[in-house]
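# What follows is a predicted structure for the sequence shown.
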Amino acid sequence: MDIRKIKIEDAEAFLKLNKQLDKETSFMMFEP
């Protein structure tokens, strides 16, 4: 697994991941 900073081309996949997490769990919160 490579860990790196998010890039603009990752935006679509990142949004999809966040929406999926919102559907699957009610106890995780993302804060800046």
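Arrived safely, thanks for sending.

# Can you give me the neighbour number for residue 3?
Around residue 3 there are 4 other residues, counting by other CB atoms under 10 Å. Every residue, glycine included, has its C-beta placed from N, CA and C.

# SS state for it?
coil (DSSP: H, G, I helix; E, B strand; the rest coil).

# Kindly report the same for the one 10 residues further on.
Using three-state DSSP, the secondary structure recorded for residue 13 is helix.

# So it versus residue 26, what's the distance?
Distance, residue 13 to residue 26, by CB to CB, to the nearest Å: 23 Å.

# and what of residue 5?
28 Å.

# again, but for residue 12
For residue 12 relative to residue 26 (CB to CB), the value is 24 Å.

# more crowded one of residue 13 and residue 26?
In this view residue 13 and residue 26 are compared by other CB under 10 Å, and residue 13 has more residues nearby, 10 against 7.

# Per-residue pLDDT of the more buried one, please?
Confidence at residue 13, expressed as pLDDT, is 96.

# Then residue 32?
Note on residue 32: pLDDT of 53.

# cool, residue 29 as well?
Confidence score, pLDDT, at residue 29: 66.
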